[in-house]
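1. Here is a sequence with its predicted model. Questions after.
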Amino acid sequence: MFGQRLQIARKKLQLSQEDISTQIGISYRAYSSYEREDRKPPIDFLEKLISKYNLNLNWLVAGKGNMFNAPQFEQVHNELALEVRKILREEGLIK
């Protein structure tokens with residue numbers, strides 16, 4: 001189940017296994033083995049993962065609660081939306 005939730009979160013973030021492994025600083029092979037549940041991830045991997053992507057550890061490990069810690073995720077989402085609008089305006093695609 002952990003591997004499935006890890007995969008669900010990755011897809012929600014629209015990242016590949018290679019993207020996450022590079023951003024977290026582990027090998028692609030190691031990350032892939034966590035999603036397949038061939039290996040259990042170390043605590044430092046979980047700490048990096050929840051910190052970088054604002055994942056809710058309770059959801060990731062036990063499937064309880066929301067996938068993301070909402071306030072920070074919403075803030076990042078809003079910041080990205082503003083940046084996208086700025087780029088679209090600069091490109092003359094919106095007013």
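-> Great, that's in hand. Predicted, not measured: the structure shown is a model, and the values here were computed from it.
2. Please make it C-alpha for all contacts and neighbour counts, starting now.
-> Noted.
3. And the helices in the protein, which stretches?
-> 2-12, 17-24, 28-35, 43-53, 57-62, 70-90 (DSSP state H).
4. any chance of those in a markdown table, plus mean pLDDT and mean neighbour count?
-> Formatted as a markdown table, these follow (pLDDT from 0 to 100; neighbours: other CA atoms under 10 Å):
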| stretch | mean pLDDT | mean neighbour count |
| --- | --- | --- |
| helix 2-12 | 96 | 16 |
| helix 17-24 | 96 | 16 |
| helix 28-35 | 97 | 17 |
| helix 43-53 | 93 | 14 |
| helix 57-62 | 93 | 16 |
| helix 70-90 | 80 | 12 |
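5. which residues does residue 52 contact?
-> Shown in contact with residue 52 (CA atoms under 8 Å, 6 or more residues apart in numbering): residue 24.
6. Any figure for the gap between it and residue 23?
-> Distance from residue 52 to residue 23, counting by CA to CA, to the nearest Å: 9 Å.
7. try residue 7
-> From residue 7 across to residue 23, the span is 16 Å (CA to CA).
8. swap in residue 64?
-> 25 Å.
9. And stretch 56-66, end to end?
-> End-to-end distance for stretch 56-66, by CA to CA: 7 Å.
10. Figure out how far it is from the centre of its chain.
-> Mean C-alpha position of stretch 56-66 versus that of the full chain (CA atoms, centre = their mean, to the nearest Å) differs by 13 Å.
11. How about residues contacting that stretch?
-> 2, 5-6, 46, 50, 67-69.
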